[in-house]
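Peer 1: show me the folded form of this:
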Amino acid sequence: MSKPQTIAFIGAGNMASAIIGGMIENGFKAENIWVSAPDDSHLQSLRKRFGVSVTTDNRHCAQQADMIVLAVKPQVMRQVCQDIAPVVQNTRPLMVSIAAGLECATLDNWLGGGLPVVRVMPNTPSLVGKGSAGLYATDDVEQAQRDAVSAIFESIGVAVWVEQEDLLHAVTALSGSGPAYFFLMLEALEDAAVANGLEAATARKLAIQTMAGAAEMAGRGPDEPAQLKRNVMSPGGTTEQAIRTFEDGGLRELVTKASTAAYSRSGEMARELAKDDE
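Peer 2: Numbers count the residues shown, from 1 in each chain. Model (predicted):
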């Protein structure tokens, strides 16, 4: 597993904590991880939990690192980047951002220019080690650095590189927003089962396991989703009737419309954030 000597996290929220936990579980040494955030009590909790080094000083944190993971909200990213710019212009680390919408050129500008930058779009299942992350690297990023970033995000799920930054909008619409789509389906399945007479707790337990089992089957076997669907259906049976109802109701078209709306909004947000930089 290729990884840099020292990794610094600026920001210590849920996603940063999930990444750190996954890294340590997969062999990264806690002694090579630094974390900074304004709340010292939260940092001390992380130190006790993971054994990492902590500080409330972003510049000191950045000074330690071969790779810096920017894990703060987009609204404060500019301030954070400009604060550590004098440090990173001297040390020249790999910069990795997990902030939605902020493009590499914007980040690089705030950091003083000329740094290797990777953007990552993780999703909330990363919090339970089942994440799906899209990654994009600028031309200044070396292969060994790409491998190091892959290793980090593969420690909390799946990591897939895209070769055009704009494709991160498609990743956002699929895996970034996607968990909410499935939660909506889970909610609808539970409500329907309750309407058919099941108790809510029973309906939820069965619906969750049904979705988890179906995902596991899709991930393990060679069959395409269409074939997996046909494997469940019997001519004239219950599943065929349900699928026909979904199809006649325009489910495919609705999913496409919803995904396109998320994709478009992701692009709008990127343009809004870039405009703020002007």
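Peer 1: is M67 in contact with L94, as I believe?
Peer 2: Yes: the pair M67 and L94 qualifies as a contact (Cβ atoms under 8 Å) at a distance of 4.5 Å. Quick note: C-beta positions are derived from backbone N, CA and C, even for glycine.
Peer 1: so the two - more neighbours on which side?
Peer 2: Set M67 next to L94 and count neighbours by other Cβ atoms under 10 Å: L94 wins out with 25 against 21.
Peer 1: read off the pLDDT value for the more buried one.
Peer 2: The per-residue pLDDT reported for L94 equals 97.
Peer 1: now do E278
Peer 2: 57.
Peer 1: swap in S45?
Peer 2: With respect to pLDDT, S45 has a value of 94.
Peer 1: quick thing: my sequence starts at 595, can you match it?
Peer 2: Noted, 595 is the first residue going forward, which turns the last one into S639.
Peer 1: tally up the residues packed near it, please.
Peer 2: Neighbours of S639 (other Cβ under 10 Å): 14.
Peer 1: would you mark the buried spots in the strand or helix carrying it?
Peer 2: Per DSSP states H and E: S639 is located in helix 634-644. Neighbour-count burial for helix 634-644 flags 637, 640, 644 (criterion: 16 or more other Cβ atoms under 10 Å).
Peer 1: one more: stretch 718-726?
Peer 2: 718-721, 725-726.
Peer 1: repeat for stretch 798-815
Peer 2: Buried-residue list, stretch 798-815, by 16+ other Cβ under 10 Å: 798, 801.
Peer 1: ok, now which ones touch the residue nearest to H763 when sequence neighbours are not counted?
Peer 2: Nearest residue to H763, sequence neighbours excluded (Cβ to Cβ, 6 or more residues apart in numbering): S860, at 4.1 Å. Residues in contact with S860 (Cβ atoms under 8 Å, 6 or more residues apart in numbering) are 694-695, 762-763, 766-767, 770.
Peer 1: relative to K667, how far out is S860?
Peer 2: 16 Å (Cβ to Cβ, to the nearest Å).
Peer 1: same question for A631.
Peer 2: For A631, the distance to K667 - Cβ to Cβ - is 12 Å.
Peer 1: have a look at the two and say which one is more surrounded.
Peer 2: Using other Cβ under 10 Å as the criterion, A631 and K667 rank with A631 on top: 21 against 11.
Peer 1: how about that one, what does it touch?
Peer 2: A631 touches 604-606, 637, 648, 650, counting by Cβ under 8 Å, 6+ apart.
Peer 1: and of the residues you listed, the nearest to L822?
Peer 2: Comparing the contacts of A631 against L822 with Cβ to Cβ places G605 closest, at 39.2 Å.
Peer 1: that closest one reaches I662, doesn't it?
Peer 2: No: counting by Cβ under 8 Å, G605 sits too far from I662 to count as a contact (10.4 Å).
Peer 1: neighbour count: these two, which is higher?
Peer 2: Neighbours were counted for G605 and for I662 using other Cβ under 10 Å; I662 has more, 30 against 22.
Peer 1: tell me what that one is bridged to.
Peer 2: Residues in a beta bridge with I662, per DSSP bridges, are A602, M689.
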